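Asker: Here is a sequence together with a model predicted from it:
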Amino acid sequence: MPRYLVERTFPEGFSIPIDASGEKACLSVVANNGEGGVTWVQSYVSDDKRKTFCIYDGPSPEAIRRTAARNNLPVDRITQVRVLDPYFYR
Amino acid sequence: MKAAAIELLERDAELRELSGLLESARSGEGRVALVYGEAGVGKTALLTQFVRAHAQDARLFWGACDPLSTPRPLAPLLDIAWSQGGQLAGRISAGAPREAIFQALFEELRSPRRSAIVVIEDVHWADEATLDLVKFLGRRTQRTSALLVLTWRDEGIRADHPLRAAIGELPGQVLARIPLRGLSPAAVESLGAKSHRSTEGLHAATNGNPFFVTEVLASDAPGVPPTVSDAVLARATRLPPQARELCELASVVPSRVELPLLEAAAGPTFAALDELLGSGILSLDGSAVAFRHELARRAIEGALPPLRSRELHARVLTALRARGEDPAQLARLVHHAAGAGDSASVLRLAPSAAEHASRLGAHREAEAHLSMALRHAVDLPPRRRAELLEARAYECYLTDRMQEGIDSCSEARALWNRIGERAREGNCLCSLARMAWYATHAEEAQRYGDLAIEVLEALPPGPELATAWALRAGAYASADENAAATPFAEKALRLARTLGNREIEAYALSMLAQAQIHLGHEPGRTHMEESLRLSLEYGFHDAAGRAYAILGQHAVEERRHDFAAKILDEGIAYAAERDLRTRAMCMYCWRSRLRVETGRWAEAVDDAARILDNPGCSALFRLAALTPLGLLRARRGDPGAREALDEALKLAKESGELERMVPVTAARAELLWLCGDAEGAAAEASAVIDKARKAQRPWFVADLAVWIWRGGGEPPPADECALPVALQLQGNWRGAAAEFERLGCPVQAALACYESEDREAMLAALEALDKLEARPAAARLRRRLSELGVRAIPRGPRAARRGHPFDLTAREQEVLAALSLGLSNGEIGARLFVSPKTVDHHVSAILTKLDVRSRGAAVAKAQSSGMLQLEEAREK
């Protein structure tokens, strides 16, 4: 399954409360992802919390967008990516 | 444990939800409830309880689908008709067309006397005609006071299962999904306590499946049996010999057995019925018996030794036959004849069953019956075999299974050739030509078409020859050799009229119309509409589907978007309700392109996915769906655009048709231009422009010319192009933008000003592109603006539009905040100075946008997504 880097911008900043409601929000994202056949691998968040860079596995960019819409998450750009690490040639 | 002793545990929420839906149906807003879960989760038990509670205040219509090897067309409707009697049963036994039967049921539901509950159980086994009924009722339920309940097993329902498509076509606002889950550990424990059994490990071993749990608890064996099948068989083993024999007999009849049938098939063992029912394995259901669970039936059936199974099927077959060969029973007869290994009966019954199914629009079932007959047709005379093969090929053609159709038809053709039936051979050649075209085997299609004409022109003129000429005309028209198409279409039309064959007349008329439309000749569209009218009037389903598809295609090509949307919606509904997959697929492709063009991108993806998620679809449809998908990816700046368009180009070249090449080429040119390679875009478009000019199709020329011009190449004369591009080439970019805007092409309208130096127009275009999220085009325009020295360029869609996360309006946000305080509509209305009714409208809009069903759920969702804190913060 292809892997994608999904860039998102949150003009108002972005926060997930560290409590039960935050956990619930994350789990609801996971449940919506499951229905769309995509997997959220992990995300990187900028210090000002206005941009996120999310790694997703999914069948197609359309599936990534559809799931983002269900989760009410913005999408700026989707790039198909592969892993490259410093020890690749060892 | 007795059946009656099984109580319904942990289903209060579901029962409440169903009652709520019935309540809304009662007030004249019909609803559709989808109840699904794994086998044994208790769907039937839930509904039995529900309808029992409403026995006094709602009319009940209950039907079920059966797991026959090939389902009986409209089985649930027959159940309903028999239990209701009256007009519905009358129409069915009078052999009314199915639209009339559907309509009769709908009228029955619409009658205002009392609300109705319509249950269609186990729709995962539904035949095509039943799925069409589901679509028919589902689309209209809202206007009735009925609650339609569909149940199915969600295990093993693959993405391409026809049920998924059928559910997908129901209107979202009337649907309620009620998934059933297994019992909780506490519920399992309480069941165990009641039967004085230990439940240690039981919940884990059964996952809370109520059937597994009750079966295991009902079995005397200690601990948890390794499989439920063992549990069931163990119980069956303990039955007295006669009851056990009766149980085995009942197990070969899927779903339920009517008592008279069981009696006739069982003979003296029928006396053991009370004993059998007392065991709780089967239960009485009106005048029929049914296994309390389908799993149990299958466990017992699966354990029968082969000879015993044959013998039981033979007994059921004999009993069924004694009741007369009612067409509605044909599928059952075939099932038992096959189970009995009675090839002679299969061969006699299956073709009639196929014909019956086909007439009802259950084409996949028709195909399955014919395949079944062919499996039993080893020693059949060649004529009979060829007939079966040819009939099967036609059903394959209708349901987009071209390769199987081609295989069958080739074999039929060889047989007709061998026995010297030249006309039939010619007919097969026509079908082969048509199916090869869908597979994008252009040369093969041409060769078959040539052969058909050669064979048939040597014979006295008949319908086969008219068909061959019409097909040749269609092939020429699709290849844009329109002058060559016309004489063939005219010959076909004359011959069809001489023969009085209206169906071929309708086809020939649509081929003639296609060529005339391509040539820009006036009567083209009139002729196409005439072909459609004729086909609808006489019920020529496939010919009607063709007319819809071609009308839609031309409207999309010529950007007549309103008409295109109307005719494609209508055509898709027509084809979907009659299982005409081939025609439906074709129209989904065109609608996908329409939606990419008009900026309805999320919906465009849905249409393309119907084709691309289905690996067995024809190459022609794959090509026609990949093209808009690739263009959409290019316009959104998503990955995979190049790959989609590369594959589409390869297939378009195989098809050899201009009408395929132009859209792919134009999409590829747009992609290159968006990536900054304007010269590449011009080169790509230039490769096809000569062919488009030669065909004199103004929109084809325009779609390519704009990229040649934009990339600095030598564009064709403006007067060969459709209007907006002609204006663009003449330097009138304002006129071009206005014309594209009028036609509903937002991307091209925005790009029209790209080469101008009008900063104001470019800033407006930028805003339009940002709103569409057409990122690459917007980025190009930003670069151009900064080259022109414009300083204040908006940064992007996110910065420009600080909308609410769920797109709620300001008023809706106020209402949502009030909801979180638990206020009633009256109180909210008083606060906001509006009527309670207006508040109610806002609340429904909020529920829709948040995708929830209750006010409480809306507040919960708003809180969990951090939205309400936002509201509160704003209030402060």
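Answerer: Cool, the structure landed.
Asker: ok, now how distant is the residue sitting furthest away from the middle of chain B from residue B:569?
Answerer: Distance to the chain centre peaks in chain B at residue B:789, reaching 52.5 Å (criterion: CA atoms, centre = their mean). In this view, residue B:789 and residue B:569 are 48 Å apart by CB to CB, to the nearest Å. Bear in mind the C-beta positions are built from the backbone N, C-alpha and C, glycine included.
Asker: just residue B:444 next, same as before
Answerer: For residue B:444, the distance to residue B:569 - CB to CB - is 34 Å.
Asker: now residue B:309
Answerer: 48 Å.
Asker: if you count what's nearby, which of those two comes out ahead?
Answerer: residue B:309 (19 against 14; other CB atoms under 10 Å in any protein chain shown).
Asker: end-to-end on stretch B:667-680?
Answerer: Taking CA to CA, to the nearest Å as the measure, stretch B:667-680 stretches 12 Å from start to finish.
Asker: May I see the buried residues of it?
Answerer: In terms of neighbour count (16 or more other CB atoms under 10 Å in any protein chain shown), stretch B:667-680 has its buried residues at B:667-675, B:678, B:680.
Asker: Which two of those have the greatest separation?
Answerer: Greatest spatial distance in the buried residues of stretch B:667-680: B:667 and B:678, 15.7 Å, computed using CB to CB.
Asker: about what we covered before: mind putting the buried residues of stretch B:667-680 into CSV with distance to chain A and secondary structure?
Answerer: Formatted as CSV, the buried residues of stretch B:667-680 follow (distance: CB to the nearest CB, whole Å; DSSP: H, G, I helix; E, B strand; the rest coil):
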residue, distance to chain A, secondary structure
B:667, 16, helix
B:668, 18, helix
B:669, 21, helix
B:670, 17, helix
B:671, 14, helix
B:672, 19, helix
B:673, 19, helix
B:674, 14, helix
B:675, 14, coil
B:678, 22, helix
B:680, 21, helix
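Asker: Out of the residues you listed, the closest to residue B:828 would be?
Answerer: Among the buried residues of stretch B:667-680, and counting by CB to CB, the member closest to residue B:828 is residue B:674, at 47.7 Å.
Asker: Which of the helices or strands spans the residue nearest the centre of chain A?
Answerer: Taking CA atoms, centre = their mean, the centroid of chain A lies closest to residue A:54, which sits 3.6 Å from it. In the assignment (DSSP states H and E), residue A:54 maps to strand A:51-57.
Asker: That strand - contacts with which helices or strands?
Answerer: Packed against strand A:51-57 by the contact rule (3 or more CB pairs under 8 Å, 6 or more residues apart in numbering or on different chains; DSSP states H and E) you find strand A:3-9, strand A:39-45.
Asker: quick check: mean pLDDT across that strand?
Answerer: The pLDDT scores in strand A:51-57 average 92.
Asker: now stretch B:320-337
Answerer: Per-residue pLDDT over stretch B:320-337 has a mean of 88.
Asker: Residue B:459 in helix, strand or coil?
Answerer: coil (DSSP: H, G, I helix; E, B strand; the rest coil).
Asker: for residue B:178, same thing?
Answerer: Residue B:178 ends up strand, using three-state DSSP.
Asker: From the contact counts, what lies against the host helix or strand of residue B:635?
Answerer: Following DSSP H and E, one finds residue B:635 within helix B:619-636. Where contact means 3+ CB pairs under 8 Å, 6+ apart, helix B:619-636 is packed against helix A:61-70, helix B:422-438, helix B:581-598, helix B:601-612, helix B:641-655, helix B:658-674, helix B:775-787.
Asker: how close does the residue nearest to the centre of chain A sit to chain B?
Answerer: Using CB to the nearest CB, to the nearest Å, residue A:54 is found at 15 Å from chain B.
Asker: Ok, residue A:37 next?
Answerer: 9 Å.
Asker: what about that residue, how many neighbours?
Answerer: Residue A:37: 15 neighbours (other CB under 10 Å).
Asker: What of residue B:616?
Answerer: Neighbours of residue B:616 (other CB under 10 Å): 10.
Asker: Please identify which residue in the stretch 301-450 of chain B comes closest to chain A.
Answerer: residue B:400 (21.9 Å; CB to the nearest CB).
Asker: Contact partners for that residue?
Answerer: Residue B:400 makes contact with B:438, B:581-582, B:585, B:616-618, B:621 under the criterion CB atoms under 8 Å, 6 or more residues apart in numbering or on different chains.
Asker: Likewise for residue A:55?
Answerer: A:3-6, A:40-43, A:81.
Asker: Could you export those residues to CSV, including columns for distance to residue B:61?
Answerer: Compiled in CSV, those are given as follows (distance: CB to CB, whole Å):
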residue, distance to residue B:61
A:3, 50
A:4, 48
A:5, 53
A:6, 48
A:40, 44
A:41, 49
A:42, 51
A:43, 51
A:81, 54
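Asker: just these that are near chain B?
Answerer: Among the contacts of residue A:55, the residues lying close to chain B (CB under 8 Å from any CB of the partner chain) are residue A:4.
Asker: ok, of the contacts of residue A:55, which one's closest to residue B:214?
Answerer: residue A:40 (38.8 Å).
Asker: Kindly provide the distance from that closest one to residue B:261.
Answerer: Applying CB to CB to residue A:40 and residue B:261 gives a distance of 55 Å.
Asker: just checking, residue B:74 touches residue B:127?
Answerer: Yes - Residue B:74 is within contact range of residue B:127, at 7.1 Å (criterion: CB atoms under 8 Å).
Asker: Can you work out which residues contact both of the two?
Answerer: residue B:362.
Asker: circling back to that earlier point, looking at the helices and strands packed on helix B:619-636, which is nearest to residue B:760?
Answerer: Short answer: helix B:775-787, nearest of those by CB to CB, at 10.9 Å.
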